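Participant: Test case, fold it:
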Amino acid sequence: MDSAKKTVFILLLGVALLTLVSKAVWKPYIDKQTRYITDSQLSETMSQMSESLPIMVDDITRIDSVEVEGRNIIYNYTLTTDLKEIIDELPTFEELRLNQLNEYCFVEGSNYFSTVNVSVTSIYRNLNGNKLNVFTLKPEECKGS
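Facilitator: Numbers count the residues shown, from 1 in each chain. As a prediction, the model looks like this:
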């Protein structure tokens with residue numbers, strides 16, 4: 001994977017996580033004046049999203065399921081390629097987290113989660129189901145940035 005593909009991968013994965021649901025699914029449930037979503041609305045929205053899963057978000061990443069625990073959305077991802085073959089060409093999980101944090105906090109249309117006080121956890125597994133990485137983006141990480 002060349003540098004251009006690596007950059008595209010980082011961008012697509014970050015955008016996919018935060019925009020897959022935001023524009024199409026969140027708008028009907030968010031009170032535009034208060035920018036608040038109730039716990040029941042959050043659960044209902046994620047339940048509706050789950051009906052369309054699994055779905056590939058890029059060439060190697062699949063969202064398998066979405067869960068809600070309180071005010072935290074948990075995305076369960078599987079990397080569908082043997083990472084040993086392309087490991088040198090992939091961003092680190094920290095680079096991925098920072099890219100997703102930028103989307104979560106600052107990109108219009110992708111920042112609904114942070115503005116309605118909802119955390120987002122991403123869990124990445126390999127094809128064998130082994131956990132590769134977990135990180136959580138929290139609304140307080142966006143303040144003062």
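Participant: Point out where this structure drops to low pLDDT.
Facilitator: Along the chain, the model assigns pLDDT under 70 to residues 1-35, 86-89, 144-145.
Participant: Surely residue 74 and residue 119 touch.
Facilitator: No: counting by C-beta atoms under 8 Å, residue 74 stays clear of residue 119, with 9.2 Å between them. All C-beta spots, glycine's among them, are computed from the backbone N, C-alpha and C.
Participant: For the closest residue to residue 43 other than its chain neighbours, list each beta-bridge partner.
Facilitator: Closest residue to residue 43 apart from its sequence neighbours, by C-beta to C-beta, 6 or more residues apart in numbering: residue 68 at 5.0 Å. Taking DSSP bridges, one obtains residue 73 as the residues bridged to residue 68.
Participant: how close does residue 68 sit to residue 95?
Facilitator: Distance, residue 68 to residue 95, using C-beta to C-beta, to the nearest Å: 27 Å.
Participant: One more: residue 102?
Facilitator: As it turns out, when the distance is counted by C-beta to C-beta, residue 102 lies 11 Å from residue 95.
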